[in-house]
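K.L.:
need coordinates for the below:
(2 chains)
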Amino acid sequence: MTDIYIPATSDTPEINFKFSSNTLSMSGEAYPENGVEFFRPILRQLQSHLTSLNGDAIEFNFQLTYFNSVSTKIFFSMFELLNEYAKAHPNCVLLNWHHDEDDDTILELGQDIQEDFTWIDFNAVVLA
Amino acid sequence: MFDQSLLNQSKAGLSEIEAEYIASSLLKVCSTVSPQQTNSEVTALLDEQRDLISVAVVENGRPIGLISRNIFMEGMAKPFHHDLFDRKSCIAFMDKDPLIVDQNMSIQTLSFKVLGSGRKTINDGFVITDENGDYLGLGTGEDLIRVVSFLQAEKNRLVTESINYASIIQKSFLRSSREDMSAVLQDYFMHWEPRDKVGGDYYFCKKFDDGFFLALIDCTGHGVPGAFMTLIMASFLDHILHEDNRHDPAGALAIMNKKVKMALGQINETATDGIDIDRFSSAQSGQSDDGMDTAFCWVNTQNGTLTYAGAKTPLFYIGNSSSEVQLLDPDRKGVGYIDTPMDYEWTNQQLPLTKGMCLYLTTDGIIDQIGGLKKIAFGKKRFSALLQDNYLKPMPEQESIIMQAYYDYQGKQKRRDDVSLMGFRF
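P.N.:
Sure thing, here's the model as predicted:
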């Protein structure tokens, strides 16, 4: 599977999915007019990559400061994919949830993710 | 059957305005010269017609070059050049490769061509021909800029007028809510600020004999699509609030959920455990996934209780005895979306109201706005602190203070979403 790199724009995040080393990173903001169109190909590739793995450890770095409701729903679908993988392969998915120490909005969302996707190892990281 | 590809030829509204203006709109019929004519004849022509910027050289009806007044005059002004060139063919100072365009070329294509061919075309103009390539006349850069600006202004005007009118419609849909709100509340404010003149935020208030129903709604999207959604939601809500269920906000949310899912066909047939393999396939790209986040409140004015049910929208309140801001937490499912089950049940929460208690509802537009030095979200903490510091002041004054703090926080950052905020004192 080829890696995905998409540079950030004002309304889409930087996507750096290194499938080769199972290090997946996302940073910036996400509020494109048509979020589904932007994220669908990325999620499809993630989905098919996950089916090719067998217990390989995945590290996901999530570092967003703003995302609209459409993007939020897409991220939940994405974490659901990772959660399913982690259910089949316990302790194989680590989610680093980067947030500013004062950013209660992002932290709260992280807590929701942690609550909903219990197979993913959740690690809140305070940005320096 | 109507061939859908025919639609591409259909011109209406904006595309009609564009089609109306083509290269020939810029056409100026100007005197020409032939290659047999001499430079002294060109000098005479330019002296005679002072407003000629350029002269086309035409042979057998075809343009073969363009003589620029400036370049020609400059060339001829050099010492002895009159003696050297006066009797020679005028092609000596001619640009052999001017921009030549068909009279039917669109203004947009023409603009890119003119820009692409560099400064000389903007200064000296370009040649316009008929379909056979025969000379018709000249166009100038100045006229092109004039038409492009006009088209731009005209398109803006059409879009702006249309949105302005849409805004009037959306506001008039809010009128009865505004009237009921001012009838049932004494000290209150309702701040509604769509990001793009119209938007997906909406408020609703309906007065009954025994109390009033209050809702703050955040539909998916903003701008025109968001506004469409609010009209759908408003008419559903108006229809479902009859005799009994006004006392049951959670039940009202459940009815709204079913209605929206049915109306927009947002039913997930594979909503079972496990991953839906086709979820990200392009086959589903036409499927909408729209709905609303909202807080529904029934305020019983007889016994002073509030019943709240929330879809991702909390209720903030602060009593007059304790000065701590408290929250009623919403359920975490939105209304109508594909991943909200058809039979999803929201929960009612009861809150006894005491006189002087302040209650606030807001959509996520304020809380999630990026700003400040760190460029992070405004946040619930900051919002709650503002309520805490100001809740004793009259509601309209609180509105000014909160919104000012919000505008200051946003600073130079782009507005991310529609903003709605309401507060009232019981």
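
K.L.:
count of neighbours near residue 20?
P.N.:
Unless you meant another one, I'm taking chain A. Applying other Cβ atoms under 10 Å in any protein chain shown, we find 9 residues neighbouring A:Ser20. Any C-beta I mention is one placed from the backbone N, CA and C, and that applies to glycine too.

K.L.:
switch to chain B, please.
P.N.:
Neighbour tally, B:Glu20, other Cβ under 10 Å: 12.

K.L.:
who's in contact with it?
P.N.:
With contact set as Cβ atoms under 8 Å, 6 or more residues apart in numbering or on different chains, B:Glu20 has no partners.

K.L.:
buried residues, the longest helix along chain A. List them.
P.N.:
Identified as the longest helix of chain A according to DSSP state H is helix A:69-88. Judged by neighbour count using 16 or more other Cβ atoms under 10 Å in any protein chain shown, the buried positions of helix A:69-88 are A:69-86.

K.L.:
residue of chain A with the smallest distance to chain B?
P.N.:
When scored by Cβ to the nearest Cβ, chain A has A:Thr105 as its residue closest to chain B, at 3.8 Å.

K.L.:
tell me what the closest residue to B:Leu26 other than its chain neighbours is bridged to.
P.N.:
Excluding the flanking residues, the one nearest B:Leu26 by Cβ to Cβ, 6 or more residues apart in numbering or on different chains is B:Gly139, at 3.8 Å. Taking DSSP bridges, one finds B:Phe126 as the beta-bridge partners of B:Gly139.

K.L.:
picking that back up, just checking: which of the buried residues of helix A:69-88 also lie near chain B?
P.N.:
A:Ser69, A:Val70, A:Lys73, A:Phe76, A:Ser77, A:Glu80, A:Leu81, A:Glu84 (Cβ under 8 Å from any Cβ of the partner chain).

K.L.:
tell me, how many residues neighbour the residue nearest to B:Leu26?
P.N.:
25.

K.L.:
so what's residue 22 scoring on pLDDT?
P.N.:
Went with chain A since none was named. The score at A:Asn22 is 95. That number is its pLDDT.

K.L.:
wait, chain B
P.N.:
At B:Ile22, pLDDT is 90.

K.L.:
same question for B:Thr272.
P.N.:
pLDDT at B:Thr272 comes out at 43.

K.L.:
which positions in chain A make contact with chain B?
P.N.:
So chain A meets chain B at A:10, A:29, A:31, A:36-37, A:40, A:43-44, A:47, A:65-66, A:68-70, A:73, A:76-77, A:80-81, A:84, A:100, A:102-106, A:108, A:112 (Cβ under 8 Å from any Cβ).

K.L.:
packing partners for the helix or strand hosting B:Asn70?
P.N.:
Using DSSP states H and E, the secondary-structure element containing B:Asn70 is helix B:69-77. Under the contact criterion of 3 or more Cβ pairs under 8 Å, 6 or more residues apart in numbering or on different chains; DSSP states H and E, helix B:69-77 touches helix B:39-48, helix B:81-85, helix B:119-124.

K.L.:
quick one: residues in contact with the following helix or strand past the shortest one.
P.N.:
If I follow you right, that is helix B:81-85. Following helix B:81-85 in sequence order, the next helix or strand is strand B:100-102 (DSSP H and E). The contact list for strand B:100-102 (Cβ under 8 Å, 6+ apart) reads B:Ala23, B:Pro63, B:Leu110, B:Lys113, B:Phe126, B:Val127, B:Ile128, B:Thr129, B:Asp130, B:Glu131, B:Gly133, B:Gly139.

K.L.:
kindly supply the ChimeraX command isolating those of the residues of chain A next to chain B that are buried.
P.N.:
Under the burial definition 16+ other Cβ under 10 Å, those of the residues of chain A next to chain B that qualify are selected in ChimeraX by:
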select /A:29,31,36,40,43,47,65,66,68,69,70,73,76,77,80,81,84,100,102,103,104,105,106
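
K.L.:
average pLDDT across stretch B:218-235?
P.N.:
91.

K.L.:
per-domain residue ranges of chain B.
P.N.:
B:20-149, B:174-268+B:289-425 (automatic domain parsing).

K.L.:
what about whatever residue of the stretch 301-426 of chain B ends up closest to chain A, how many neighbours?
P.N.:
Here the stretch 301-426 of chain B gets closest to chain A at one residue, B:Ala377, 3.8 Å apart by Cβ to the nearest Cβ. Burial of B:Ala377 is recorded as 28 neighbouring residues (other Cβ under 10 Å).

K.L.:
mind checking how far it is from B:Ile91?
P.N.:
Separation of B:Ala377 from B:Ile91 (Cβ to Cβ, to the nearest Å): 68 Å.

K.L.:
again with A:Ser10
P.N.:
From A:Ser10 to B:Ile91 the distance is 52 Å (Cβ to Cβ).

K.L.:
do the same with A:Thr72
P.N.:
Taking Cβ to Cβ, one finds A:Thr72 at 68 Å from B:Ile91.

K.L.:
relative to the centre of chain A, find the outermost residue for me.
P.N.:
Within chain A, the residue lying farthest from the chain centre (Cα atoms, centre = their mean) is A:Asp102, at 21.2 Å.

K.L.:
B:Ala377 is in contact with that one, correct?
P.N.:
No. With contacts counted by Cβ atoms under 8 Å, A:Asp102 stays clear of B:Ala377, the gap being 9.3 Å.

K.L.:
so B:Met181 touches B:Asp187, yeah?
P.N.:
No. Checked against Cβ under 8 Å, the pair B:Met181 and B:Asp187 is beyond contact range at 11.8 Å.

K.L.:
neighbour count for the two, which is higher?
P.N.:
Neighbours per residue (other Cβ under 10 Å) separate B:Met181 from B:Asp187, with B:Met181 holding more: 22 against 15.

K.L.:
who touches that one in this structure?
P.N.:
B:Tyr188, B:Met190, B:Tyr203, B:Cys205, B:Leu214.

K.L.:
burial of the third one, as a residue count?
P.N.:
B:Tyr203 is surrounded by 23 other residues when neighbours are defined as other Cβ under 10 Å.

K.L.:
likewise for the one 5 residues further on?
P.N.:
As a burial measure, the neighbour count of B:Phe208 was computed by other Cβ under 10 Å and equals 17.

K.L.:
next, the contact list for it, please.
P.N.:
B:Arg246.

K.L.:
mind doing that once more with 10 Å?
P.N.:
For B:Phe208, the contact set (Cβ atoms under 10 Å, 6 or more residues apart in numbering or on different chains) comprises B:Asp180, B:Val184, B:Leu241, B:Glu243, B:Arg246, B:His247, B:Trp298, B:Val299, B:Asn300, B:Thr301.

K.L.:
what subset of these is buried?
P.N.:
Of those, these count as buried by 16+ other Cβ under 10 Å: B:Asp180, B:Val184, B:Leu241, B:Arg246, B:His247, B:Trp298, B:Val299, B:Asn300.

K.L.:
greatest separation within the residues you listed: which pair is it?
P.N.:
B:Asp180 and B:His247 (17.0 Å; Cβ to Cβ).

K.L.:
tell me the pLDDT at B:Ser322?
P.N.:
pLDDT, read off for B:Ser322, is 69.
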